[in-house]
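S.K.: Pasting the sequence and the predicted coordinates here, then a few questions.
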Amino acid sequence: MKRILTLTIALLLIKSAVAQFDVIIRNGKIIDGTGNNWYYADIAIKDGKITAIQKNFTATATKVLDAKGLVIAPGFIDVHTHIEGDEAKTPTADNFIYDGVTTVIAGNCGSSKVDIGKYLTWIDSLKLSINVASLIGHNDVRKAVMGRANRDATAAELLQMEALVEKAMQAGAVGLSTGLIYIPGTYSKTPEIISLAKVAAKYNGVYATHMRDEADSVTQAIEEALAIGRGANIPVEISHFKLSGQQNWGRSNETLPMIIAARKEGLDVTIDQYPYTASSTSLSTLLPGEILADGQDSITARLSRPEIKKQATAYILKKLKNRKLKHLSYAVVAYYKADTTLNGKSIEAINLLKGRKHKAKEEAETVMEMMMQGGASMVFHGMSEKDVQQIMKYPFNMFASDASIRAFGEGAPHPRGYGTNARVLGKYVREEKIISLEEAVRRMTSLPAQKFQLKNIGMIKEGMNADIVIFDEATVTDKSSFEAPHQYSVGFKFVLVNGKLVVENGKHTGVRSGKAQYGLGTIM
Ligand SMILES: [Zn+2]
């Protein structure tokens, strides 16, 4: 009898010492990512998965998180990022983590590693704090086969490009991306892209595009994106959907109905946006495409010829006139490698600093001079708040930062890399009531997961990976601004990636539990 009692006590002691779960989150409001209303329940996590969701859960856990007064949501999925090149510099990916992002999709705007298999393996060996999926980028595929040549692909070259896309899709890419304003993507025509998109479609991929134009010819560009979707029978994602240039303000009245009509017709097209009225891209986008072929040496050589300079000046001035502006004041340098003291200054201001006249023609001269010195990354202030809000109201629009992993304090980058999601939740949900909290969370979670077919994330549901954010809906705020961009968002008290605490009590723990995410067509 005594022995039995001792044994029972010993078993009880073991039971209490070994917790049933790794983490239990108690007392929070769950917003599950589907768009359904919030509800109260406790969440139990074991081995990186959500294993139980129920009210007043009495089980034990190694770690108990109190989410009283807070929202518990799936980790946010940022469908449009450019992390390539910055992964190893800042593997903790603080700017994303502090903004609630637990998964990013890389390889956008036509720009990716060509060997996706190698890339994803490297991501896993590096160990980031975020999960990473990747598209295969058309520009890099084209460069690998035909360099920066300004011409159509030959039949043999097209076959080679198709083979590279096929290899990438088999190795885990989630789709094909294009960047049709960039070199050499801008030299390709629609049929080339359809051929490559067909290969991606065979492996359950999507077609994500930075379209040929987001300004005066935006409707033609949307037509092309939709034509590629039809021609290749592939779901389409239009990246950073916007109207650039003052002359195009209000035209979301034209562009959104095109998306709605295409969906009605049966084409699975969705869009994403960053919630700001300024864009960010390369200085080279101010110049005509012909000038940019074949790399920096060729650009420098072309721009030293007076007749080409004249042509480029006319092009810049015409664009400015279209915008109804007198100066390149809307174009602000984010990072200029040749002279970092110019970071944060507009072309108008830089031109004056150089002792030139306050004339657009001389500002064009300054642009060309900077291009000859290697170019710069820029912030362009050219969208209307009304269009941004109208696009935000469209239910099949997601949010995306279009950013990299930020090196804290470096350059004057667009604030979207720090604050995209917090800005939606603070400014647009709480303050301006443009969309509801549940709707915003759906667009940040289950909608992108469905679009990119990431089956184990995007919802608070038993069996899903435990990527979870816990935030205060009353205080969540983006702090990053154009003037002072290097500021993390606030309001996220806990962030879990694959069941591990990456943010605890508002501070990054240094934990790097992110994993590479593989597309549905992967052949291991
Ligand atoms: Zn882009």
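M.R.: Structure's in. What do you need? Owing to the predicted nature of the structure, the values given are computational and were not obtained by experimental measurement.
S.K.: make it CA atoms for all contacts and neighbour counts henceforth
M.R.: Will do.
S.K.: give me the number of residues near Asp297?
M.R.: The local packing of Asp297 (other Cα atoms under 10 Å) involves 12 other residues.
S.K.: Secondary structure element holding it?
M.R.: In the assignment (DSSP states H and E), Asp297 maps to helix 296-303.
S.K.: And for stretch 323-341, what's in contact with it?
M.R.: With contacts defined as Cα atoms under 8 Å, 6 or more residues apart in numbering, stretch 323-341 is touched by 245-247, 320, 342-349, 359-360, 363, 373-382, 411-414.
S.K.: if we can go back for a sec, what are the buried residues along whichever helix or strand comes after the helix holding Asp297?
M.R.: Per DSSP H and E, the first helix or strand lying C-terminal to helix 296-303 is helix 306-322. Within helix 306-322, the residues scored as buried using 16 or more other Cα atoms under 10 Å are Lys309, Ala312, Thr313, Tyr315, Ile316, Leu317, Lys319, Leu320.
S.K.: Pull up the gap between the last one and Thr313, please.
M.R.: Looking back up the chat, that one is Leu320. 11 Å (Cα to Cα, to the nearest Å).
S.K.: measure Ser489 to Asp99 for me?
M.R.: Ser489 sits 6 Å away from Asp99, going by Cα to Cα.
S.K.: In a strand, Ile72, correct?
M.R.: Yes. Counting by DSSP: H, G, I helix; E, B strand; the rest coil, Ile72 falls inside a strand.
S.K.: Name whatever forms a beta bridge with it.
M.R.: Under DSSP bridges, the beta-bridge partners of Ile72 are Ile30, Ile470.
S.K.: Surely it touches Asp472?
M.R.: No. If you go by Cα atoms under 8 Å, Ile72 and Asp472 don't touch, sitting 9.1 Å apart.
S.K.: More neighbours: these two, which one.
M.R.: Ile72 (31 against 18).
S.K.: What residues does this protein have near the ion?
M.R.: By Cα under 5 Å from the ion, the residues of the chain that approach the ion are Cys109, His210.
S.K.: Lowest-confidence one in the buried residues of helix 306-322?
M.R.: When the buried residues of helix 306-322 are compared by pLDDT, Lys319 scores lowest at 89.
S.K.: before we move on, back to that, any chance of a ChimeraX selection covering the buried ones in the contacts of stretch 323-341?
M.R.: To isolate in ChimeraX the members of the contacts of stretch 323-341 that are buried, counting by 16+ other Cα under 10 Å, one can use:
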select :245,246,247,320,342,343,344,345,346,347,348,349,360,363,374,375,376,377,378,379,380,381,382,411,412,413,414
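S.K.: Among the contacts of stretch 323-341, which ones are in strands?
M.R.: Ser377, Met378, Val379, Phe380, His381 (DSSP state E).
S.K.: And the strands in the stretch 51-200 of the chain?
M.R.: 61-66, 71-74, 76-78, 101-106, 131-134, 136-137, 175-179 (DSSP state E, counting those that start in this stretch).
S.K.: Redo these as a markdown table? Include mean pLDDT and distance to Ile116.
M.R.: A markdown table is the format used below for the strands of the stretch 51-200 of the chain (pLDDT from 0 to 100; distance: least, Cα to Cα, whole Å):
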| stretch | mean pLDDT | distance to Ile116 |
| --- | --- | --- |
| strand 61-66 | 97 | 37 |
| strand 71-74 | 98 | 26 |
| strand 76-78 | 98 | 19 |
| strand 101-106 | 98 | 11 |
| strand 131-134 | 98 | 7 |
| strand 136-137 | 98 | 7 |
| strand 175-179 | 98 | 11 |
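S.K.: Now distance to Leu328 too, for those strands, in TSV please.
M.R.: What follows is those, written out as TSV (distance: least, Cα to Cα, whole Å):
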stretch	distance to Leu328
strand 61-66	51
strand 71-74	42
strand 76-78	31
strand 101-106	31
strand 131-134	35
strand 136-137	31
strand 175-179	24
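S.K.: need the next SSE after the helix or strand bottoming out on mean pLDDT in the chain, C-terminal direction.
M.R.: The weakest-scoring helix or strand in the chain, judged by mean pLDDT, DSSP states H and E, is helix 2-17 (a mean of 58). Going down the chain from helix 2-17, the next helix or strand is strand 21-26, by DSSP H and E.
S.K.: right, and Ile24 touches Asn56 too?
M.R.: No. Between Ile24 and Asn56 there is no contact under Cα under 8 Å: 10.9 Å.
S.K.: Find residues that contact each of those two.
M.R.: Going by Cα under 8 Å, 6+ apart, residues that sit against Ile24 and also against Asn56 are Asp42.
S.K.: more crowded one of those two?
M.R.: Set side by side, Ile24 and Asn56 show more neighbours around Ile24, with 24 against 12, by other Cα under 10 Å.
S.K.: is that one in a bridge, and if so with what?
M.R.: Ala44, Val64.
S.K.: tell me the contacts of the nearest residue to His210 once chain neighbours are set aside?
M.R.: Distances taken as Cα to Cα, 6 or more residues apart in numbering place Gly179 nearest to His210, at 4.7 Å, with adjacent residues excluded. By Cα under 8 Å, 6+ apart, the contact list for Gly179 reads Asn108, Cys109, Gly110, Ser111, His138, Asn139, Gly185, Thr186, Thr209, His210, Met211, Arg212.
S.K.: before we move on, the earlier item: residues shared between the contacts of Ile72 and Asp472?
M.R.: What both Ile72 and Asp472 touch, as defined by Cα under 8 Å, 6+ apart, is an empty set.
S.K.: Give the burial count for the nearest residue to Arg416 once chain neighbours are set aside, as a bare number.
M.R.: Spatial nearest neighbour of Arg416, excluding adjacent residues (Cα to Cα, 6+ apart): Ser401 at 5.2 Å. Neighbours of Ser401 under the rule other Cα under 10 Å: 27.
S.K.: Contacts only, for Ser401.
M.R.: Here Ser401 is in contact with Asp78, His80, Thr81, Gln273, Tyr274, Arg416, Gly417, Thr420 (Cα under 8 Å, 6+ apart).
S.K.: how many neighbours does the third one have?
M.R.: Translated: Thr81. 21.
S.K.: Quick check: pLDDT value at it.
M.R.: Thr81 is given a pLDDT of 98.
S.K.: Quick check: beta-bridge partners of it?
M.R.: Legend: beta-bridge partners of Thr81 under DSSP bridges are Ala403.
S.K.: what residues are up against it?
M.R.: Val104, Ile105, Ala106, Gly107, Asn108, Ala400, Ser401, Asp402, Ala403, Ser404.
S.K.: right, and Gly137 touches Leu176 too?
M.R.: Yes. Between Gly137 and Leu176 there is a contact under Cα under 8 Å: 6.0 Å.
S.K.: Quick check: Leu501 touching Gly510?
M.R.: No. The criterion here is Cα under 8 Å, and Leu501 misses it with Gly510 at 9.2 Å.
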